[in-house]
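1. Build me a structure from this.
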Amino acid sequence: MRTRRPLALATSLLALTLIAWPRAGVNAQSDDPGVAFVSTLNGDVSVQRGDSGDVVAAGINAPLMVGDYVSTAPNARAEVQFDYGHVVRVGPNSQMRFAELGSSDDTVQLASGSVGVGVLHATSQYTQVETPSVIVRPREAGSYRVSIDPNGVTEITVRSGNAAILLPHGMRWLDPGSTMLVWGPANNPSFRYIQTRNRDSFDQWNNDRNAAFERANAYQYASSSIPGLYTLGGYGQWQNDADYGNEWIPNVDANWSPYASGRWVSEPYYGWTWVDNSNWGYAPFHYGRWHRDRHRNRWAWTPGPRAEAQQTYAPALVAFIGFGGSGSIGNIGWVALAPNEQPHQWWGSGARSYAAASVPNFQRTYVNSQQPNAVHGMPRQSFANGQSQNIAPVAARNFQHAVVMRNALPVVPGPQTVRYTQRAPAATHAPSAQAFHAFTSAPRTPQTFTQQRTQAAAATQHLPLAAAPPARPAAAVQPQRPRPVVAQPRPAVPAPARPAPVVRQARPALPAAARPAPVVERPRPVAPTAARPAPVVQQARPVAPVPVRPVPVRPAPVVQQARPIAPVPVRPVPVRPAPVVQQARPVAPVPVRPVPVRPAPVVQQARPVAPVPVRPVPVRPVPVRPAPVVKPAPVVRPAVTPEPAH
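-> Down below sits the predicted model:
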């Protein structure tokens, strides 16, 4: 932990820090799309995404962009903040669309219901409301209400301030305490002034929210270019730090850390965007930096110099890392950037194809990673599927082999990443695009979600994101095992058996020896089958009794005999690891001598028929490597000479 510095040194460092303070987005462009966000929710509020068309439940701190729709159910309402000076509040049973954001004037289109516009501070930009008949543009700080009744009549009331009513044949001004009705098509509407509309519960809610914002003192400590500071007052305290100037310390548990409770969503242009679960969690996660206050031992958010003319929005201010997986990126992690640390921009014009670099001194490069539970992550597949419940702290042992991701992330967003919360949207009051057909102007079409996925896939297509499983040998290569296989000259292809060899014979069958323990199978009228692990000897149908001489087998010989009609002596024949025995058809009866078998001989007999003695044929052992197949010898006389060794 660093020690306190003398006052003069602290003052010098503070001056240097304030001069070198980075903007939120290092490559932010003036033409970046504007972003509004949901700051308050009551009841069921739904959002229809302009990029995918999905209807999702609205969530606190959810970003809203051009082309998005907001709709409220009965008895529901929502508040949307644009910047520190402008707020739009959506009443019950209302449908609104964002037509322009971040240009000269923000524009929302109201198809049904009511909105209240709060202009808290006069600025060069204003939020105007467009209806199917007219455009309402506030011109100074005040409170304004615009409603559309079931007959399509627009009602405009100015509680305080001054508004311009844009009509095709000229502009009309509406003073405080005035109400105007406008109806008909936008190219030729009709209008008239009426008595001021009485206040209702929606008006009272607007007044209460405006009063709360006016009491907030956040903008005494931070730049007015940062939206969302109004909500910080009730959830933390402002302090002054000798190193970083004004800082805000949230009222959270001692084990809390930034970017730990929320979810990653995919947005047009900005890509992966953090949506925090805290009621105050908008400004501290899209502007400024986080650090661990060494004097108070608490996390503190530093907004940067109050005199900063313009701080730009960032979808998140973190460093992404990849770790885990065999030759691939199995997990995605992130850590909050500290003051003077710059993000590797993965959004907008600053984003390029994915690149990664190992950082030997990761904890020195990103100082917040030295704090306990400061780095969080989740499996890459969970990240792509928006499974925020899998977010967990990352152990420091993973930092050694982690890579810092630069530019685009190696993740293709899944369908669940368009959701701001796990809650299902209200099915009774989803936005209706048909309700907006009456508008003569349509919002600029954002990049579709399919285009976002295609772009992400193109940026990462060269990466080995998943470890390839080891290739397994095909069945034809399996005989490379050290144990031999002995084939028999039958029309069928020899079948290897594991772990013991298989021996096949010509008619009638003679015992075949193989390692380690052959088994003789009784003749059947069906096709032979191989058993595992012991070898199988197949026989042809007996035509005449065949006396067989026994062959000793190591380690467990098997002797095959005809059924007892006449004793047939069998002479033992030594056999090497995997001999192949071929015989001619029996001509003369051959007596068979019994041979002791170790450890448990199996004897099979032919069916009783007329005895046919068979003269034994000596067989030379033939080594098999690894699985030889021997063709049958031609029949030239009753006894067939053995085949020479290969």
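2. hang on, P360 is in a strand, isn't it?
-> No: P360 sits outside any strand when classified using DSSP: H, G, I helix; E, B strand; the rest coil, being coil.
3. Which pLDDT value belongs to it?
-> Taken from the predicted model, the pLDDT recorded for P360 is 75.
4. Could you report the distance from it to P176?
-> In this view, P360 and P176 are 65 Å apart by CB to CB, to the nearest Å. C-beta coordinates here come from the backbone N, C-alpha and C atoms, glycine included.
5. okay, these two: which has more neighbours?
-> Under the criterion of other CB atoms under 10 Å, the comparison of P360 against P176 puts P176 first, with 15 against 8.
6. so where's the longest strand in this structure?
-> The residue-count maximum for a strand in the chain (DSSP state E) belongs to strand 106-119.
7. residues making contact with the following helix or strand past it?
-> Tracing the chain C-terminally past strand 106-119 and defining elements by DSSP states H and E, one meets strand 127-130 next. With contacts defined as CB atoms under 8 Å, 6 or more residues apart in numbering, strand 127-130 is touched by 82, 86, 88, 99, 105-110, 115, 117, 119, 135-138, 144, 146, 439, 441.
8. What of stretch 143-156?
-> Applying CB under 8 Å, 6+ apart, the external contacts of stretch 143-156 come out as 91, 110-119, 129, 131-134, 136, 138, 157-161, 163, 165, 174, 179-183, 197, 202-203, 206-207, 210, 438.
9. what stretches of the stretch 451-600 of the chain score poorly on pLDDT?
-> For the stretch 451-600 of the chain, the stretches with pLDDT under 70 are 461-600.
10. The stretch 201-350 of the chain now?
-> When the per-residue scores of the stretch 201-350 of the chain are filtered using pLDDT under 70, the ranges that remain are 306-309, 325-328, 349-350.
11. quick one: pLDDT of R444?
-> On the pLDDT scale, R444 gets 81.
12. Verify the contact between it and M65 for me.
-> No: with contact defined as CB atoms under 8 Å, R444 and M65 do not form a contacting pair (10.1 Å).
13. who's more crowded, the two?
-> M65 (23 against 12).
14. Could you pull up the residues touching the more buried one?
-> With contacts defined as CB under 8 Å, 6+ apart, M65 is in contact with P33, G34, V35, A36, G50, D51, F98, L101, E267, P268, Y269, P446.
15. any idea how far F37 is from it?
-> Distance check for M65 against F37: by CB to CB, it reads 10 Å.
16. on that earlier part again, mark which of the contacts of stretch 143-156 are buried, thanks.
-> Of the members of the contacts of stretch 143-156, the ones counted as buried by neighbours, 16 or more other CB atoms under 10 Å, are 91, 110-119, 129, 131-134, 136, 138, 157-159, 161, 163, 165, 174, 179-180, 182-183, 202-203, 206-207, 210.
17. Can you tell me how far Y235 is from W290?
-> 15 Å.
18. More neighbours: which of these two?
-> Legend: neighbour count by other CB under 10 Å for Y235 and W290, higher for W290 (24 against 14).
19. Could you pull up the residues touching the closest residue to the more buried one other than its chain neighbours?
-> Take W290 and drop its neighbours on the chain: the residue closest to it by CB to CB, 6 or more residues apart in numbering is A336, 4.1 Å away. Contacts for A336 were tallied using CB under 8 Å, 6+ apart; they are S257, P258, Y259, R289, W290, L317, V318, N368, A374.
20. one more time with 6 Å
-> The contact partners of A336, by CB atoms under 6 Å, 6 or more residues apart in numbering, come to P258, Y259, W290, V318, N368.
21. For it, give its distance to Q381.
-> Shown here: A336 relative to Q381, a distance of 24 Å by CB to CB.
22. Specify the beta-bridge partners of the residue nearest to W290.
-> Under the criterion DSSP bridges, A336 forms beta bridges with V318.
23. how about the helices in this structure?
-> Remark: helices assigned in the chain by DSSP state H are 7-20, 201-215, 283-286, 362-365, 380-384, 449-460.
24. I'd like the ones you listed as JSON lines, with distance to P303 appended.
-> As requested, these are arranged in JSON lines below (distance: least, CB to CB, whole Å):
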{"stretch": "helix 7-20", "distance to P303": "12"}
{"stretch": "helix 201-215", "distance to P303": "17"}
{"stretch": "helix 283-286", "distance to P303": "7"}
{"stretch": "helix 362-365", "distance to P303": "23"}
{"stretch": "helix 380-384", "distance to P303": "28"}
{"stretch": "helix 449-460", "distance to P303": "30"}
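25. Can you say which of the ones you listed is packed in most?
-> Greatest average neighbour count among the helices of the chain goes to helix 283-286 (a mean of 27), per mean count of other CB atoms under 10 Å.
26. and stretch 303-318, which residues are buried?
-> P303, G304, P305, E308, Q311, T312, Y313, A314, P315, A316, L317, V318.
27. now, which of the contacts of A336 sits nearest V412?
-> Of all the contacts of A336, V318 has the smallest distance to V412: 19.5 Å, by CB to CB.
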